[in-house]
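Coordinates only, no sequence provided:
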């Protein structure tokens, strides 16, 4: 559980940075792109917290959904950088932080899948 808590804390840092970055977007796009980025970020936070308290068998589905949203946030940030709503330096910094969390979510999901496989292997086969 400790490792999973660290993922949540790291994502909190990412969310804070995303609020700062998207708060500087032009008003014309703040309520479209910026809101989508921050809403996805908050949804990811919810999924990570929820996964911590769910039984092992339910965690992979939540973590898969979080991974999809992490990828969507990356894509929206790249679009934002292309439109010059954030600098390439900002993009590099935030994507590095996002990648760290994304890798940890992936490892967490893989470990839970391994636990599930081991628990099903130890069950007696139906005859």
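That came in fine, so what should we check first? On a predicted model such as this, the values are computed, not experimentally measured, just so you know.

What lies in contact with stretch 47-62?
The contact list for stretch 47-62, computed with CB atoms under 8 Å, 6 or more residues apart in numbering, reads 1, 4-5, 7-8, 11, 63, 65-66, 69, 105, 108-109, 112-113, 115-116, 119. Quick note: C-beta positions are derived from backbone N, CA and C, even for glycine.

now with 10 Å?
With contacts defined as CB atoms under 10 Å, 6 or more residues apart in numbering, stretch 47-62 is touched by 1, 4-5, 7-12, 46, 63-70, 101, 104-105, 108-116, 119-120.

any idea which helix is longest in this structure?
As assigned by DSSP state H, the longest helix anywhere in the chain is helix 88-121.

State the mean pLDDT of that helix.
Average pLDDT, helix 88-121: 94.

What separation do you get for the spatially closest residue to residue 34 that is not a sequence neighbour and residue 97?
Leaving aside its sequence neighbours, residue 34 sits nearest to residue 22 (CB to CB, 6 or more residues apart in numbering; 3.7 Å). Residue 22 sits 15 Å away from residue 97, taking CB to CB, to the nearest Å as the criterion.

Right, I'll call it a day here.
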